[in-house]
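> Predicted model and sequence follow; I will ask about them next.
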Amino acid sequence: MLNLSDNNIRSMVGTQNLQSYKRLQLGQYHFSFKKVLLIFSGLFLVFLFLPWTQSIRADGRLTTLQPAHRPQTIHATIAGRIEKWYVAEGQRVQKGDTIVFLSEVKTDYFDPNLVGRTGEQVAAKTQSIAAYSQKVAALENQITAMQAELVSKTDQIRNKIQQAELKIASDRADLERAILDKKVAERQLEGTKNLHEKGLKSLTELEEKKLKLQETNAKTASAENKLNISRSELENAKVELTLTKNEFANKIAKAQSEKFSTISDQFDATATVGKLKIDQENYTRRATFYYITAPQDGFVVQAIQPGLGEILKEGDPVVSILPAGVDLAVEIFVKPMDLPLVLVGQEVRFLFDGWPAFFFSGWPNQSFGTFSGRVAAIDRNISANGKFRVLVSPDPSQEKWPDELRVGGGAKGIALLKNVPVWYELWRSLNGFPPDFYQNLPLAPTNADKKDKSKSEKTGGKESVDKPKMPLKNAK
């Protein structure tokens, strides 16, 4: 019975013997349940207004803050064969400790006295450079002597030319005198011949004049020949001067060519000496690479090339070392959607693998077994897994991280964000909204703000608008 009517028949009908009525009648537990329900409803309302810390979860692993502290692989600098191991896996080594010894496998470096013999080659080539220098000096002296001899020879030939010119002048004068004598003899012969015809001169005198004319003709021809000979001697002297200049020019050019060739050989020898010195230094340095040493203090993690007699190439990995005394950090990978919510210096709580912990989302202060860190760096480019890498270092003001942590161990990071009411967090989660991202962004300018701005510009900036810019609590 629902008892909806105002006319209650309970007093008019006897209900003591009615079993169905007893079954339908509400008992005292009903009123107790109502009280409990009201109490729980009130508590739930109070719970809705409690503060709730928003967070972002991300998986990560332990690493080091500095790149030099991360596990590293030591590679073989040269090709070689493993002859002896000086360490065992898990052993602690100091910087400079020998790890493994390699022997030579290339035929170019088998000679044990390779460095010394290369030094001898350097000394020999250095002496050849000195010999080339002396040869260059001798050639320069030879060129100077030939130039001086050329000057002397040309002066001598010029003197001969001058003498030939003087002799030509003398022979020309003799020729002119002989020609004059010939003309005189011809006139005398002509006069004597006329007189002989008239009987005034004898035949003997006429014959004498003819002989005289023949003598003058012979003298004229002789003088003319002498003049031609002198002219030929002058031309020969000029030709000799030209030949002498050409001859000495060829000799000097040949000497200079030999000089420059010697200088070129000297430069080649200098370059060879430099190359041999480089080879000598390389051979000396190569001898130090037979012993592979530890670059820093650490622990031998793994022998990548175990055993003896293994042949290594240049750059092959030999052993892996974990540096000692490293500054641990955690690298977590954040989704691109959550990246704007992460800032440098932000607090992050961690749950490390192997350490019992309980994290109560929303109330991190009520959790235990977690450790605090601060965001140290955020990558500016996305990783291969489609997320951004965030590097978190220990928080020095909080509890120290366990000493037993090892690089490569797993960690779950919870980046703590803004404190909001529980009802707001439930509403955000139901709507699928991200945590408060626009909480520090100013509101868009309204029409009133634009009017105030224009008014301030008109007044020359004398009036200022002190209107606070309220952050958006919920961008959605």
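In hand now; what should we look at?

> what's the burial count for D338?
Close neighbours of D338, defined as other Cβ atoms under 10 Å, add up to 19. Just so you know, the C-beta spots here come from the backbone N, C-alpha and C atoms, and that holds for glycine as well.

> how far away is it from E233?
114 Å (Cβ to Cβ, to the nearest Å).

> chain center to stretch 405-419, what's the gap?
Here the centre of stretch 405-419 is set off from its chain's centre by 38 Å, with Cα atoms, centre = their mean, to the nearest Å.

> I misspoke; the intended subject was stretch 300-313.
32 Å.

> Please, where are all the strands along this structure?
51-64, 72-75, 80-85, 92-93, 98-103, 291-293, 298-303, 311-312, 317-323, 328-334, 347-352, 371-378, 388-394, 410-421 (DSSP state E).

> Next, format those strands as CSV and append mean pLDDT.
Listed next are the strands of the chain as CSV, based on pLDDT from 0 to 100:
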stretch, mean pLDDT
strand 51-64, 79
strand 72-75, 90
strand 80-85, 91
strand 92-93, 91
strand 98-103, 92
strand 291-293, 92
strand 298-303, 88
strand 311-312, 89
strand 317-323, 89
strand 328-334, 90
strand 347-352, 84
strand 371-378, 88
strand 388-394, 91
strand 410-421, 76
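
> want to throw those into JSON lines with mean neighbour count and distance to N141?
Converted to JSON lines, the strands of the chain look like this (neighbours: other Cβ atoms under 10 Å; distance: least, Cβ to Cβ, whole Å):
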{"stretch": "strand 51-64", "mean neighbour count": "18", "distance to N141": "72"}
{"stretch": "strand 72-75", "mean neighbour count": "16", "distance to N141": "59"}
{"stretch": "strand 80-85", "mean neighbour count": "17", "distance to N141": "55"}
{"stretch": "strand 92-93", "mean neighbour count": "17", "distance to N141": "66"}
{"stretch": "strand 98-103", "mean neighbour count": "18", "distance to N141": "56"}
{"stretch": "strand 291-293", "mean neighbour count": "17", "distance to N141": "55"}
{"stretch": "strand 298-303", "mean neighbour count": "18", "distance to N141": "68"}
{"stretch": "strand 311-312", "mean neighbour count": "16", "distance to N141": "59"}
{"stretch": "strand 317-323", "mean neighbour count": "19", "distance to N141": "62"}
{"stretch": "strand 328-334", "mean neighbour count": "22", "distance to N141": "76"}
{"stretch": "strand 347-352", "mean neighbour count": "21", "distance to N141": "85"}
{"stretch": "strand 371-378", "mean neighbour count": "18", "distance to N141": "73"}
{"stretch": "strand 388-394", "mean neighbour count": "21", "distance to N141": "75"}
{"stretch": "strand 410-421", "mean neighbour count": "18", "distance to N141": "85"}
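
> of all the ones you listed, which lies closest to A249?
A249 sits nearest to strand 80-85 of all these, at 62.4 Å, using Cβ to Cβ.

> could you give the angle of the closest one to strand 98-103?
Using axes from the mean of the first three to the mean of the last three Cα atoms, to 10 degrees, the inter-axis angle of strand 80-85 relative to strand 98-103 is 130 degrees.

> Partner strands of strand 80-85 and their direction?
Applying DSSP bridges to the sheet, strand 80-85 is found paired with strand 98-103 (antiparallel), strand 311-312 (antiparallel).

> could those go into CSV alongside distance to T272?
Shown next, in CSV, are those (distance: least, Cβ to Cβ, whole Å):
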stretch, distance to T272
strand 98-103, 30
strand 311-312, 32
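
> residue ranges with poor pLDDT in the stretch 351-476 of the chain?
Counting by pLDDT under 70, the stretch 351-476 of the chain shows low-confidence ranges at 356-369, 418-420, 422, 425, 432-476.

> need the contact list for the nearest residue to Y283 once chain neighbours are set aside.
Among residues not flanking Y283 along the chain, V115 sits closest, at 4.8 Å (Cβ to Cβ, 6 or more residues apart in numbering). Shown in contact with V115 (Cβ atoms under 8 Å, 6 or more residues apart in numbering): Q280, Y283, T284, A287.

> What residues does the residue in the chain sticking out farthest from the centre make contact with?
What lies farthest from the middle of the chain is G199; by Cα atoms, centre = their mean that is 126.2 Å. If a contact means Cβ under 8 Å, 6+ apart, then G199 has no contacts.

> And it, its phi and psi?
The phi/psi pair for G199 (degrees, to the nearest 10) reads phi 90, psi 10.

> Tell me how far it lies from G191.
Going from G199 to G191 by Cβ to Cβ gives 14 Å.

> Next, give phi and psi for the nearest residue to D297 once chain neighbours are set aside.
Nearest residue to D297, sequence neighbours excluded (Cβ to Cβ, 6+ apart): A324, at 4.7 Å. Dihedral angles of A324 (phi, psi; degrees, to the nearest 10) stand at phi -100, psi 150.

> I figured A324 hits R92, correct?
Yes. Here A324 reaches R92: they are 6.9 Å apart, a contact under Cβ atoms under 8 Å.

> Mind listing the shared neighbours of the two?
Residues touching both A324 and R92 comprise D297, G298, F299, with contact defined as Cβ under 8 Å, 6+ apart.

> Quick check, the second one in contact with P323.
Yes. With the criterion set as Cβ under 8 Å, G298 and P323 qualify as a contacting pair; they are 4.3 Å apart.

> residues touching P336, list them.
Taking Cβ under 8 Å, 6+ apart, we find P336 in contact with I382, G386, K387, F388.

> can you tell me how far it sits from G386?
Noted for P336: a distance of 8 Å to G386, by Cβ to Cβ.

> on that earlier part again, need the strands of the chain in TSV with distance to K245, can you?
Listed next are the strands of the chain as TSV, based on distance: least, Cβ to Cβ, whole Å:
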stretch	distance to K245
strand 51-64	84
strand 72-75	71
strand 80-85	68
strand 92-93	81
strand 98-103	70
strand 291-293	71
strand 298-303	82
strand 311-312	71
strand 317-323	75
strand 328-334	87
strand 347-352	96
strand 371-378	83
strand 388-394	85
strand 410-421	95
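
> Any idea which of those gets closest to Q266?
Of all the strands of the chain, strand 80-85 sits nearest to Q266, with 39.0 Å by Cβ to Cβ.

> Out of the strands of the chain, which is closest to Q147?
Judged by Cβ to Cβ, the one of those that comes nearest to Q147 is strand 80-85, at 61.9 Å.

> Lovely, talk soon.
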